[in-house]
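K.L.:
Quick one, fold the following:
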Amino acid sequence: MRVRRLPRDPGPAAWNRLLEDPAPANRLEASITADWLVIGAGYAGLAAAHRLSKEAPGARIVVLDAVRVGDGPAGRNSGFMIDLPHDLTSDDYGGALEGDIAQTKDNRQGIAHAAAMAQEYGLSTEAFTLSGKINGAATAKGAAHNTDFAKHLSAMDEPFELLDSQQMQDITGTPFYQSGLFTPGSAMIQPAMFVRGVAAGLASNRVTIHENSPVISLERKGDWVARTPKGQVTAPRVIMAVNGHLNSFGY
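P.N.:
The predicted structure is shown next:
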């Protein structure tokens, strides 16, 4: 299939601008083969490559990304990995009980994998830290949401701590907040630092990452063939890790 042209490169992400300039991109400019091809070098793609490097130790793994690692969506988010689902439109800030329990389990598996990669590759606490989070409430309506969400968390058998206005002032230095709700399972990250650190660690671990190498066609001719402007990768197995761009590939 011919891949629909992606939007113009938006340039370096703000998080990336806080970091030192990376080494020149390793563009794909040849015809190569691999056992696994991963398209997308964000959280999902890098996590998939990391898992493959453990589960398939003899496999050749190639990761392609259309831009620099850290300049895509993974490097442009708010910097949180949140374990607990939260439905802002519901009465109690939570969703269906069983669904929230299942989603929390999945979210924590992702956070645990991120923590394992951060430890393995020696990333700093600025790149990744298990910090927990506080829902701060500045109004009576917000404080009621915190109380209702605490009841939902109790039903989920989840730990939390309700904070009063004085505790919030001690933490934030301002009397602005009426209450807070602390939950311990969220992680805080510097998104670009995290993905760049994981990519650097993977690249020294039998995984080849090609940046500025957008896939312009993906066809199956026995094996899959992914073409970039100056090269191509032939592989029997492909992992699509492009999230919102999945429809650009015809899906």
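
K.L.:
Shouldn't residue 181 be within a strand?
P.N.:
Yes - under DSSP: H, G, I helix; E, B strand; the rest coil, residue 181 sits within a strand.

K.L.:
list the contacts for it?
P.N.:
Counting by CB atoms under 8 Å, 6 or more residues apart in numbering, residue 181 touches 134, 135, 137, 146, 149, 150, 160, 161, 162, 163. Using the backbone N, CA and C atoms, a C-beta is placed for each residue, glycine as well.

K.L.:
Let's see that with 10 Å instead.
P.N.:
Taking CB atoms under 10 Å, 6 or more residues apart in numbering, we find residue 181 in contact with 93, 133-137, 142-143, 145-147, 149-150, 153, 160-163.

K.L.:
Would you list the buried entries among these?
P.N.:
Buried subset of the contacts of residue 181 (neighbour count, 16 or more other CB atoms under 10 Å): 93, 133-137, 142-143, 145-146, 149-150, 153, 160, 163.

K.L.:
Just those residues: which are in strands?
P.N.:
Among those, the residues falling in strands (DSSP state E) are 133, 134, 135, 136, 137, 163.

K.L.:
for those, which one is nearest residue 231?
P.N.:
Nearest to residue 231 out of these is residue 133 (CB to CB; 42.6 Å).

K.L.:
State the number of residues packed around the spatially closest residue to the closest one that is not a sequence neighbour.
P.N.:
Excluding its sequence neighbours, the residue lying closest to residue 133 (CB to CB, 6 or more residues apart in numbering) is residue 186, at 4.1 Å. Residue 186 sits with 18 neighbouring residues when counted by other CB atoms under 10 Å.

K.L.:
same thing with residue 120?
P.N.:
14.

K.L.:
Settle this for me: it is touching residue 204, isn't it.
P.N.:
No - with contact defined as CB atoms under 10 Å, residue 120 does not count as touching residue 204 (11.1 Å).

K.L.:
check contacts around residue 183.
P.N.:
Residue 183 touches 82-84, 86, 132-135, 149-150, 153, 158-161, counting by CB under 10 Å, 6+ apart.

K.L.:
Ok, residue 233 next?
P.N.:
Contacts of residue 233 by CB under 10 Å, 6+ apart are 28, 30-34, 36-39, 62-64, 208, 210, 213, 215, 218, 223-227.

K.L.:
May I have the secondary structure class of it?
P.N.:
strand.

K.L.:
quick one: it from residue 70, how far?
P.N.:
Distance of residue 233 to residue 70, computed by CB to CB, to the nearest Å: 22 Å.

K.L.:
so residue 124 sits in a helix?
P.N.:
No - Residue 124 sits outside any helix when classified using three-state DSSP, being coil.

K.L.:
what's the nearest residue to it if we skip its chain neighbours?
P.N.:
residue 193 (7.6 Å).

K.L.:
one step back: the contacts of residue 183 in helices, which ones?
P.N.:
149, 150, 153 (DSSP state H).

K.L.:
so the first one makes contact with residue 84?
P.N.:
Same thing as residue 149. Yes - using CB under 10 Å, residue 149 makes contact with residue 84 at a distance of 8.9 Å.

K.L.:
low pLDDT regions in this structure?
P.N.:
Low-confidence segments of the chain (pLDDT under 70): 1-12, 88, 91-93.

K.L.:
what ranges do the helices span in this structure?
P.N.:
14-17, 43-55, 97-120, 140-155, 165-172, 191-203.

K.L.:
how about those helices, which one is nearest residue 244?
P.N.:
helix 43-55 (11.5 Å).
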